[in-house]
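Student: got a predicted structure plus its sequence, pasted below:
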Amino acid sequence: MTVLDTAIDPCSPGYLECRSAMLDRLADLEEALEAARGGGGEKSVTRHHARGKLLPRERVEMLLDQDSPFLELSAVAAWGSAYPVGASVVTGIGVIEGIECVVIANDPTVDGGAVNPYTVEKIRRAARIASVNRLPLVNLVESTGAAAPAGPPPGGAIARDLSQLTADRVPTVCVVFGATTGDAAYLPALSDYTIMVRGHAKMLTIHPQPVRAATANGRPAPEVRSAPTVPAGVTGPADQLAEDERDGLRLARQCVRRFNWHKRGPNPRRFPPPDPRHDPEDLLTLAAADPATIFEPREVLARILDDSDFDEFKPSVGTALVTGWGELHGYPIGVLANLGGAFSPAETQKAVHFIQLANATATSLLFVQYTGVPAAEEHEAADVRHGAPLVHAVAKSTVPHLTLMIGATPAEEAGGIYGRAYEPRFLFSWPAVRPTEAAAGAGKLPDDGVIDPRDTRTVLGLCLSAVHSAAVEGAEHVGVFRP
């Protein structure tokens, strides 16, 4: 057992300044989150409640097991764009009847839950997470279809993704709460279980016609696609009819309870897991450190790994990369932490060897990417021949990959082998150093969310639990397979 000893002196120079800077950036992030939670605005929310209907997050809360966590994904998607914050949809992972599920909930207070390009990307990402991690999917639908000002509706790929889940034998449930048109109207028909709220659920499978709507400030908006009036009583096929929204959510929970579903991956090695020995509050200071300073990943690992226990691999070789073994919420994990800058052949060989060992032992990998050096400068300094073996190793790795982005460069400008192109199971970022980027990165969906550094251990723990819903390739050969 190797315990990391990386205590931080709160009286050291710059401690309070760094902490204050990060708290300011988290305040910017919270402002964006509040905008997403506000949906279409106070008037729309009040009108929606007056109709006896629930908001999307209220539906999600009522669907999930009481007091269970909900890992919301890309909560501030579309921030800074022409579309509403949150992309008019809520996505995330929660526990329903003891089963981890992906949940997608349209926000009908935002232009009727209309689908825009950000909505499509966010929903498709959630469906992808459900597919690769073998997580049942629950759709809470109330959508007027496309909101694109011109061109074909953007949501056709959503139906394709849902069909693929069924082909992969991942259960899907759809609850229809209100008028649903365009491509969204195909979701009930494509789901394994369909529940409709009596008197409210209506489906129209033709695409809506363009109309002019008013914006929140009363000014005319550009031409958008909105649903025409749907004839009363047009409900379409349903496996079950709910008397109201709460009954619909009850029936959805009932469906999930009967899945006879179990995880295929191994359980945590220890439960309950020991907490880190160092205070996670220190992560605020580490996250806001001057990007010109040398990043020390061991200080981060000491505050997120179980018992701050980390067995380093080849500590004296390729020192620009820290690799080693630990546990996080009881799950064994291998860590590759980049200190920033380009890799030499030594770092590359070290990383390749470590990735091979992780695959041989069916151990999930956590990539901690420090982006203190701007990506363009980093690539100019690198010799691509040194990186080719590492690219092959990451691309061929079959164990789950998680990525945590840290540093000055936002996720959409960095990544490399750690980024979205290499399809990690989950990718989260700390707020970037430049103030406006606390939310801007997530607006473009280069990651699954910008998180408070103090929540890192919890977020990664939820992700590790989710990825173990699927079998870990090779686990049956190393003594951790659970039928």
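Tutor: In hand now; what should we look at? Residues are numbered from 1 along each chain as shown.
Student: just give the nearest non-adjacent residue to Glu281, would you?
Tutor: Beyond its immediate neighbours in the sequence, the residue positioned closest to Glu281 (Cβ to Cβ, 6 or more residues apart in numbering) is Arg454, lying 6.4 Å away. Where C-beta positions appear, they are placed from N, C-alpha and C, glycine not excepted.
Student: same question, Ala358
Tutor: Leaving aside its chain neighbours, Ala358 sits nearest to Gly334 (4.2 Å; criterion: Cβ to Cβ, 6+ apart).
Student: pLDDT below threshold where in the stretch 1-150 of the chain?
Tutor: 1, 5-14, 112, 145-150 (pLDDT under 70).
Student: what about the helices in it?
Tutor: Using DSSP state H, counting those that start in this stretch, the helices assigned to the stretch 1-150 of the chain run over residues 15-37, 42-50, 56-63, 117-132.
Student: could you list the residues in contact with the third one?
Tutor: Where contact means Cβ atoms under 8 Å, 6 or more residues apart in numbering, the residues beyond helix 56-63 that reach it are 37, 39, 54, 70, 89-90, 92, 94, 96, 103, 105-108, 138, 140, 177, 245-246, 249, 252-253.
Student: coming back round to it: hmm, the residue nearest to Glu281 is touching Thr285, no?
Tutor: No - counting by Cβ atoms under 8 Å, Thr285 is not a contact partner of Arg454; they are 11.0 Å apart.
Student: just want to know which of these two has more residues nearby.
Tutor: Neighbours were counted for Arg454 and for Thr285 using other Cβ atoms under 10 Å; Thr285 has more, 22 against 17.
Student: now do the same for the more buried one: its pLDDT.
Tutor: Thr285 carries a pLDDT value of 85.
Student: what of the one 4 residues further on?
Tutor: At Ala289 the predicted local confidence, pLDDT, stands at 64.
Student: likewise Glu327?
Tutor: 97.
Student: quick one: which helix or strand includes it?
Tutor: Secondary structure assigned from DSSP states H and E places Glu327 in strand 321-328.
Student: just the helices in the stretch 351-483 of the chain please.
Tutor: Under DSSP H, counting those that start in this stretch, the stretch 351-483 of the chain gives helices at 375-381, 384-396, 437-443, 456-467.
Student: separation between Gly324 and Leu305?
Tutor: Going from Gly324 to Leu305 by Cβ to Cβ, to the nearest Å gives 9 Å.
Student: looking at these two, which one has more neighbours?
Tutor: Between Gly324 and Leu305, counted using other Cβ under 10 Å, the more crowded position is Leu305 (29 against 23).
Student: pLDDT score for the more buried one?
Tutor: 97.
Student: what about the nearest residue to it once chain neighbours are set aside, how many residues nearby?
Tutor: Excluding its sequence neighbours, the residue lying closest to Leu305 (Cβ to Cβ, 6+ apart) is Gly326, at 4.1 Å. For Gly326, the neighbour count with other Cβ under 10 Å is 23.
Student: who does Gly326 bridge with?
Tutor: In this entry, Gly326 is beta-bridged to Ile333, by DSSP bridges.
Student: OK, contacts around it?
Tutor: Gly326 touches 301, 305-306, 309-311, 332-333, 335, counting by Cβ under 8 Å, 6+ apart.
Student: among those, which one sits closest to Tyr422?
Tutor: Val335 (16.6 Å; Cβ to Cβ).
Student: give me phi/psi at the closest one?
Tutor: phi -120, psi 130 (degrees, to the nearest 10).
Student: hang on, Asp279 in a helix?
Tutor: No - with DSSP: H, G, I helix; E, B strand; the rest coil as the criterion, Asp279 is coil rather than part of a helix.
Student: let me know the distance separating Leu445 from Ser308.
Tutor: 33 Å.
Student: if you could redo that for Ala82, that was the one I meant.
Tutor: In terms of Cβ to Cβ, Ala82 sits 46 Å off from Ser308.
Student: more neighbours: which of those two?
Tutor: For the pair Ala82 and Ser308, the greater number of neighbours falls to Ser308 (21 against 9), based on other Cβ under 10 Å.
Student: and Pro276, which of the three is it?
Tutor: Pro276 is classified as coil under three-state DSSP.
Student: pretty sure it is touching Phe310, no?
Tutor: No - using Cβ under 8 Å, Pro276 makes no contact with Phe310, being 10.3 Å away.
Student: which neighbours do those two have in common?
Tutor: Joint contacts of Pro276 and Phe310 (Cβ under 8 Å, 6+ apart) are Ala302.
Student: neighbour count: these two, which is higher?
Tutor: Using other Cβ under 10 Å as the criterion, Pro276 and Phe310 rank with Phe310 on top: 22 against 19.
Student: quick one: buried residues of the host helix or strand of Pro188?
Tutor: In this structure, Pro188 sits in helix 186-190 according to DSSP H and E. For helix 186-190, a neighbour-count test (16 or more other Cβ atoms under 10 Å) marks 186-188, 190 as buried.
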